[in-house]
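Undergrad: Got a sequence here, can you build the structure:
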Amino acid sequence: MCGRFALTSSSADVSEVFSGLDLDDFPARYNIAPTQPILVVISGEGRERGSNVADRRAVLVRWGLTPAWVKDPQEFPLLINARAETAIGKASFRAAMRHRRVLIPASGFYEWHRPSKESGERPQAYWIRPRRGGVVAFAGLMETWASADGSEVDTGAILTTAANAGISAIHDRMPVVIKPEDFTRWLDCKTQEPREVADMMQPVEEDFFEAIPVSDKVNKVANMGADLQAPVVIEKPPKAPEKQRPDDGQLSFF
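TA: Numbers count the residues shown, from 1 in each chain. Here you go, the predicted model:
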């Protein structure tokens, strides 16, 4: 799962990674939480003739996808994540998988290792970032929900997949990472059907991320400073399970 992430890179760095996005300056965000606005990258209407620059736009959406067919969002679960294994066929995500795939810029994400109750150990938070630094692109879905009075809300979710060996000791799920060379194919909802991009919804290489134990300050949305990512010393690093258990939840924040 992914219930907290961060985007601390500059607008210039984000623009460069996504091929010249037109972005205003924005502040570093160290604790992005569900229901808050998140930056997503979408495919534009086309590119100018002779241009080698990909046509992409950045928009803000609310983190927590609401399908267009929902009548009352207050009575519908907050879908912050979508399972890559089932998103193509699941009613809540089917239309977005076909028509509104997006990229979600991030500097990394937070995850919690929750030991069994029998162990007597406390949950431990981790800041998980690309080992080489920089901006990473999570696979995402976008949906616009319209109310009866005509007002619209753009919403989004992060696609997750089974954790790789590097993350499975902490949690059994992780965000789907889309590599720069696959950006165009992922965003191309006109010619690339969901089954044709399924190969991208796999765990990233084992050494792509590094996991840094941090304090539990990130649990509180009000905490938004860089100190959230300060390393802490832990006595007993977690071990990867021999067999990962399936995760059937769509809502669990942590």
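Undergrad: ok, and for the helix or strand containing residue 158, which residues are buried?
TA: Assigned by DSSP states H and E, residue 158 belongs to strand 152-162. In terms of neighbour count (16 or more other CB atoms under 10 Å), strand 152-162 has its buried residues at 154-162. Backbone N, C-alpha and C define where each C-beta goes, glycine included.
Undergrad: Now render those residues as JSON lines, adding distance to residue 96 and pLDDT.
TA: Listed next are the buried residues of strand 152-162 as JSON lines, based on distance: CB to CB, whole Å; pLDDT from 0 to 100:
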{"residue": "154", "distance to residue 96": "11", "pLDDT": "97"}
{"residue": "155", "distance to residue 96": "9", "pLDDT": "98"}
{"residue": "156", "distance to residue 96": "9", "pLDDT": "98"}
{"residue": "157", "distance to residue 96": "8", "pLDDT": "98"}
{"residue": "158", "distance to residue 96": "12", "pLDDT": "98"}
{"residue": "159", "distance to residue 96": "10", "pLDDT": "98"}
{"residue": "160", "distance to residue 96": "15", "pLDDT": "98"}
{"residue": "161", "distance to residue 96": "17", "pLDDT": "98"}
{"residue": "162", "distance to residue 96": "21", "pLDDT": "97"}
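Undergrad: Which single one of those residues is nearest to residue 8?
TA: Comparing these against residue 8 with CB to CB places residue 158 closest, at 17.3 Å.
Undergrad: Distance of that closest one relative to residue 101?
TA: 12 Å (CB to CB, to the nearest Å).
Undergrad: Tell me the residues that contact both of those two, please.
TA: 139-140 (CB atoms under 8 Å, 6 or more residues apart in numbering).
Undergrad: Check what pLDDT residue 242 gets.
TA: pLDDT recorded at residue 242 is 63.
Undergrad: now, among the buried residues of strand 152-162, which is nearest to residue 70?
TA: Nearest to residue 70 among the buried residues of strand 152-162: residue 155, at 9.9 Å, using CB to CB.
Undergrad: For this protein, which segments count as strands?
TA: 4-7, 29-32, 37-43, 56-63, 81-83, 101-106, 108-113, 124-130, 136-146, 152-162, 173-175, 209-214 (DSSP state E).
Undergrad: what's the fifth one packed up against?
TA: Looking back up the chat, that one is strand 81-83. Judged by 3 or more CB pairs under 8 Å, 6 or more residues apart in numbering; DSSP states H and E, strand 81-83 is in contact with strand 152-162.
Undergrad: any idea of the angle the strand it packs on forms with strand 136-146?
TA: Orientation check (axes from the mean of the first three to the mean of the last three CA atoms, to 10 degrees): strand 152-162 against strand 136-146 gives 140 degrees.
Undergrad: now the strand holding residue 158, how far from the centre of its chain.
TA: 7 Å (CA atoms, centre = their mean, to the nearest Å).
Undergrad: List the neighbouring strands of that strand plus their orientation.
TA: Sheet pairing here is set by DSSP bridges, and for strand 152-162 it gives strand 56-63 (parallel), strand 81-83 (parallel), strand 136-146 (antiparallel), strand 173-175 (antiparallel).
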